[in-house]
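Visitor: Dropping the sequence and predicted coords here.
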Amino acid sequence: MRKLTIKDAEITQIALQQEIMKSEESRYNHRLHGILLICKEFSCYEVADIMGHSPRTIEHWVQHIERYGFAGLYDRPRPGRPPAITDSIRQAIENDLRTDPRKLGYMQTMWDGKLLSHHLASAYRVTLGVRQCQRWFKNLGFRRRKPRPVIAKADPEMQRAYKKTQ
């Protein structure tokens, strides 16, 4: 059988590595293949070269499979940064957004990102940017509304006559 080649092998290799890293299942399968090569008596350096990882990473995979079995090759949960808004604060914010801002001492008649950011800082000592507060509207099931502009000194009769639908 003749040797097969792939056009742009380096670019294809990079694309494959990115595709493998996209899902947890493909990363697990990738690690299984690495362990399989170790079982076929390849060295960690050879496997690392083939798979595009460091030899130390391959050693970690071997240690994890020996210690935990196949479960050791799955990604462990990453805790990440703790949320700035706890469940109790979230519930309180949701209740606040259902009330008129004027009842809470603000001059505005509608909630917006700036007002929510200010309210969080003053009432709950939580600092969030305006854009993040705008996202919270969506997360909590609210939609942002803007008041319709009113033309100053407009004649209501002429406006009614101009409208397409009554």
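Guide: All right, it came through fine. Keep in mind that what you see is a predicted model, and the values were worked out from it rather than measured.

Visitor: and the next element down the chain from the longest helix seen in the chain?
Guide: For the chain, the helix that runs over the most residues, judged by DSSP state H, is helix 24-39. Sequence order places helix 44-51 as the next helix or strand after helix 24-39, per DSSP states H and E.

Visitor: Tell me how far that next one lies from the chain's centre.
Guide: Centre-to-centre, helix 44-51 and its host chain are 32 Å apart (Cα atoms, centre = their mean, to the nearest Å).

Visitor: following it, which helix or strand comes up?
Guide: Counting by DSSP H and E, the next helix or strand C-terminal to helix 44-51 is helix 55-68.

Visitor: residue ranges of the helices in this structure, please?
Guide: Here the chain has its helices, by DSSP H, at 9-22, 24-39, 44-51, 55-68, 87-97, 113-119, 130-139, 156-162.

Visitor: Format the ones you listed as JSON lines; extra columns: distance to residue 81.
Guide: C-beta here means a position set from N, CA and C on the backbone, and glycine is covered the same way. Formatted as JSON lines, those follow (distance: least, Cβ to Cβ, whole Å):
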{"stretch": "helix 9-22", "distance to residue 81": "21"}
{"stretch": "helix 24-39", "distance to residue 81": "20"}
{"stretch": "helix 44-51", "distance to residue 81": "31"}
{"stretch": "helix 55-68", "distance to residue 81": "24"}
{"stretch": "helix 87-97", "distance to residue 81": "16"}
{"stretch": "helix 113-119", "distance to residue 81": "19"}
{"stretch": "helix 130-139", "distance to residue 81": "13"}
{"stretch": "helix 156-162", "distance to residue 81": "51"}
